[in-house]
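Asker: Let's see this in three dimensions:
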Amino acid sequence: QVQLVESGGGFVQPGGSLRLSCAASGLPFSKYTMGWFRQTPGKERDFVSGISWSGNIFYGDFVKGRFTISRDNAKSTLFLQMNGLKPEDTAVYYCAARDGVWTTHDSEYDFWGQGTQVTVSS
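Answerer: Numbering: from 1, shown residues only. Presented below is the predicted three-dimensional model:
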């Protein structure tokens, strides 16, 4: 079955960096659009970034050049490099896969990971 396993979350001070990874299995990774979303308690899941199977990249407005998404199709792994982290970036970050064109709507993604917690605090 399809599995998406995130890692790399943790605790970091404001201005710090983290690199999230999402290891995928059970799907033709190179043919899927991949995305990162985040969610805080009581709020909807927000689109962070997406990368299509062809390599087109998209970011949520709040990213403002701080995050970089990438993928390694040979290793079926998705990455999110996060720099300049702010306390408002604190959330559970989810990896998602979609068999189709990219979208910011979480309901249109087919598979999800379990999430990894990112906490930004001094």
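
Asker: average pLDDT for the helix or strand hosting Arg71?
Answerer: Taking DSSP states H and E as the criterion, Arg71 maps to strand 67-72. The pLDDT scores in strand 67-72 average 97.

Asker: After it, heading C-terminal, what element do we hit next?
Answerer: Next along from strand 67-72, by DSSP H and E: strand 77-82.

Asker: Send over that following strand as CSV, restricted to the C-alpha atoms.
Answerer: What follows is strand 77-82, C-alpha atoms only, in CSV (Å, rounded to 0.1, in the frame of the first residue of the first chain):
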residue,chain,number,x,y,z
THR,A,77,11.7,11.4,-1.5
LEU,A,78,10.3,14.9,-1.1
PHE,A,79,12.0,17.6,0.8
LEU,A,80,11.2,21.0,2.3
GLN,A,81,14.1,23.2,3.3
MET,A,82,12.8,25.8,5.7
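
Asker: So what's the residue count around Val120?
Answerer: Using other CB atoms under 10 Å, Val120 is surrounded by 20 other residues. C-beta coordinates here come from the backbone N, C-alpha and C atoms, glycine included.

Asker: nearest residue to it other than its sequence neighbours?
Answerer: Leu85 (4.6 Å; CB to CB, 6 or more residues apart in numbering).

Asker: That neighbour contacts Arg19, correct?
Answerer: No: counting by CB atoms under 8 Å, Arg19 is not a contact partner of Leu85; they are 11.3 Å apart.

Asker: the more surrounded of these two?
Answerer: Between Leu85 and Arg19, counted using other CB under 10 Å, Leu85 has the larger neighbour count: 21 against 14.

Asker: any chance you could map the helices in this protein?
Answerer: Shown for the chain, no helices are assigned by DSSP state H.

Asker: residue closest to the middle of it?
Answerer: With distances taken as CA atoms, centre = their mean, Trp36 lies nearest the centre of the chain, 2.3 Å away.
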